[in-house]
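> Just the structure for this:
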Amino acid sequence: MEPSITKIINMHEFTVSELNKAIQGTLEGKFENIRVRGEISGLSKASSGHVYFSLKDNESLISAVIWIAISNKITFDPEDGMEVIIDGNIKTWAPASRYQIVVNNIEIAGEGALLKVIEDRKKKLSKEGLFDEYHKKELPYIPKCIGVITSGTGAAFRDIIKILRERFPINILLYPVLVQGKGAPEQIANAINKINKLGDGDKTIMEKNILIPDLLIVGRGGGSLEDLMAFNEEIVVRAIFDSEIPIISAVGHEIDTTLCDLVADCRAPTPTAAAEMAVPEKISLQNDINNLEGRLISETRKYLTLLKEKIENFSPSAPY
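Down below sits the predicted model:
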């Protein structure tokens, strides 16, 4: 049935701008606070610090943006293929009839998604040979100085200090860093790189005879999978691989395994164990030295006694 001419005449006539604004009001009013799950696609970071991407599922996608104020608070690095849950609201740009989700919070969609991210990263880095055994460097038997890269206020550093003082008091250089959250991967990687460059033409270090670490311990105490994610980030793994100084990875508890553990020259199940691996026990060394000294003296005496007996038993032949 065709509409009557009267009804058509009585219909409200919108301008394009009026219609777009009406749609804008409807969308932004109805979808002011929403929670959406999907996969990140086409992620890009602008020089301004804003993050742009699409959120997709098997059938469709929607544009999304994270403004810099929110982006700076994110505790992980979003990347393509990552399944996430976002909280936000719909905002439209009326002049072009476009809409997008403005993100107020973003989180990885469960531990399973995190494990997938780690596994994909592991396969990629493994193909490049970063975990191959022949790259591993030998730890010094008695280091001159140990560099510790961890939180300056965390239990991990206190545990390391305690064990080192008990086993073999030694010079320690603490490089405090964030060990979780936004900026942690960059701080950890930067610390590794900086310690490796100490002494390169640095007159202050040479003049003051400052010891440069010949062994590094990188790690933190235990935590959730998300808490430990900084030690699964590619920037940290590559910094450990490129380090000329041998590194012991000591992340979490014994059951925790990170990509840093795989690339490091040695993996310790805990920070305490890392300190035990780093230095021998002074008392045991002293006992070994005393035993060797005793054996050396005993063997020397035996040898001298034998020589003395040979000399005493020696009788020169009579001349012809």
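> for the stretch 151-300 of the chain, what spans make up the strands?
Assigned strands in the stretch 151-300 of the chain, in chain order: 171-176, 215-220, 247-251, 266-267 (criterion: DSSP state E, counting those that start in this stretch).
> Export those to TSV and append columns for mean neighbour count.
C-beta here means a position set from N, CA and C on the backbone, and glycine is covered the same way. As requested, the strands of the stretch 151-300 of the chain are exported to TSV (neighbours: other CB atoms under 10 Å):
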stretch	mean neighbour count
strand 171-176	16
strand 215-220	28
strand 247-251	27
strand 266-267	20
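> Burial check on the residue nearest to Arg267 when sequence neighbours are not counted, number of neighbours?
Sequence neighbours aside, Asp261 is the residue nearest to Arg267 in space, at 4.2 Å (criterion: CB to CB, 6 or more residues apart in numbering). Applying other CB atoms under 10 Å, we find 22 other residues in the vicinity of Asp261.
> who's in contact with Thr75?
Listed by CB atoms under 8 Å, 6 or more residues apart in numbering, the contact set of Thr75 reads Gln180, Gly181, Lys182, Glu226, Met229.
> Between the residues you listed, which sits nearest Ser17?
Distance to Ser17 across these (CB to CB) is lowest for Lys182, with 40.2 Å.
> For the lengthiest helix in the chain, buried residues please.
Under DSSP state H, the helix in the chain containing the largest number of residues is helix 282-313. With burial defined by 16 or more other CB atoms under 10 Å, not one residue of helix 282-313 is counted as buried.
> ok now that helix, how far from the chain's centre?
How far helix 282-313 lies from its chain's middle: 51 Å, per CA atoms, centre = their mean, to the nearest Å.
> Please work out the average pLDDT along that helix.
For helix 282-313, the mean per-residue pLDDT is 81.
> cool, stretch 112-119 as well?
Rounded to a whole number, the mean pLDDT of stretch 112-119 is 83.
> which residues touch the residue minimising distance to the centre of the chain?
Nearest to the centroid of the C-alpha atoms of the chain, with distances taken as CA atoms, centre = their mean, sits Phe231, at 2.4 Å. When contacts are counted by CB under 8 Å, 6+ apart, Phe231 is found next to Ile188, Val218, Gly219, Arg220, Ser249, Val251, Thr258, Leu259, Cys260, Asp261.
> Can I get those in TSV including pLDDT and distance to Leu292?
Converted to TSV, these look like this (pLDDT from 0 to 100; distance: CB to CB, whole Å):
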residue	pLDDT	distance to Leu292
Ile188	97	41
Val218	97	35
Gly219	94	35
Arg220	94	39
Ser249	97	34
Val251	94	37
Thr258	94	40
Leu259	96	42
Cys260	96	38
Asp261	96	36
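> Turn the residues you listed into CSV, columns for distance to Leu19.
Below are the contacts of Phe231 laid out as CSV (distance: CB to CB, whole Å):
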residue, distance to Leu19
Ile188, 53
Val218, 59
Gly219, 59
Arg220, 56
Ser249, 60
Val251, 56
Thr258, 54
Leu259, 52
Cys260, 55
Asp261, 58
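> now, which of those residues sits nearest Lys302?
The nearest one, if we look at the contacts of Phe231 relative to Lys302 and count by CB to CB, is Ser249, at 48.3 Å.
> The closest one contacts Ala264, doesn't it?
Yes - at 3.5 Å, Ser249 counts as touching Ala264 under the criterion of CB atoms under 8 Å.
> where do the contact lists of the two overlap?
Val218, Ile240.
> Ser41 versus the nearest residue to Val51 once chain neighbours are set aside, what's the distance?
Nearest non-adjacent residue to Val51, counting by CB to CB, 6+ apart: Ile66, 4.2 Å away. Per CB to CB, to the nearest Å, Ile66 is found 14 Å from Ser41.
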